[in-house]
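Visitor: Test case, fold it:
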Amino acid sequence: MTAGSLPADPGRVLTTTNSLQERAAGPVLWAVISGISGLIANVLLVFFFLLARPFSDVQNSFGWLGTANDAALVVQFLAMIPVALALPRWLPRTRSVRVATAIALGAMLVAAVLQLLLIAGALDFDVQVFLVVAAFLLVYAWVFVVSSVGHRSGSLPRSVTRFGLLLGASFPLGLLIFAAGLLGLGSPAQLAWLAAAAWLALPIWPLLLARLVFNKPALISSYKEGLS
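Guide: The predicted structure follows:
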């Protein structure tokens, strides 16, 4: 290696790299927290329907599973807020990313607050469910938009963007199919499978970001900016 090939300021390069790695460590942690709490919420939800049987006349002692699920959802969506704040660093600075992120941040906060109000008994489930589904739709729209931008620009791994595009489209499509069932075009319970599958798959999204995006050593564009 010749002297001319060495960095002009090795200390600056090392400091910049360490700084970018530290900035990425935070999103990784929050993404993992969001993903794991979402998976826990999924397990609690499945057991709630299997054991508590909320839509039947059966009375048992498994109702706490529903409350535990609501609490896990609060953690899931609050932890997703710093994930949404960090993700634009890995994406082109487009208007669609900025708008979708801003809307999603509000939706995540609203979803968490609605779950807390439900836990506290300050909001009836029949009212809360429509409001929280609307918030969920905005979150899925954000997943779709950032995945689309990341896919077109090549700034995110293809495995992440393909999953995000499928996930972001599945929940609203599933709700449309479910609505068709409510209009008499089929059994609502049988037609709700796509929305349910999309909902259960949501925790995988932040885990993919933690594994394939946020844990990269540094942002190449930011790294170059730091050296210029």
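Visitor: Relative to Val97, how far out is Met80?
Guide: Separation of Met80 from Val97 (CB to CB, to the nearest Å): 16 Å. Using the backbone N, CA and C atoms, a C-beta is placed for each residue, glycine as well.
Visitor: So for those two, which sits in the more crowded spot?
Guide: Neighbours were counted for Met80 and for Val97 using other CB atoms under 10 Å; Met80 has more, 31 against 20.
Visitor: quick one: secondary structure of the more buried one?
Guide: helix (DSSP: H, G, I helix; E, B strand; the rest coil).
Visitor: and the closest residue to it other than its chain neighbours, what does it touch?
Guide: Among residues not flanking Met80 along the chain, Ser34 sits closest, at 4.4 Å (CB to CB, 6 or more residues apart in numbering). Listed by CB atoms under 8 Å, 6 or more residues apart in numbering, the contact set of Ser34 reads Val75, Gln76, Phe77, Ala79, Met80, Val83, Pro203, Pro206.
Visitor: Swap in 6 Å and give it another go.
Guide: Shown in contact with Ser34 (CB atoms under 6 Å, 6 or more residues apart in numbering): Gln76, Ala79, Met80, Val83, Pro206.
Visitor: Next: Leu209.
Guide: Listed by CB under 6 Å, 6+ apart, the contact set of Leu209 reads Ala31.
Visitor: Isn't Val132 up against Leu116?
Guide: No - using CB atoms under 6 Å, Val132 is not in contact with Leu116; the gap is 11.1 Å.
Visitor: higher neighbour count, the two?
Guide: Val132 (24 against 16).
Visitor: Leaving aside the residues adjacent along the chain, what's closest to the more buried one?
Guide: Per CB to CB, 6+ apart, closest to Val132 is Leu114, 4.7 Å.
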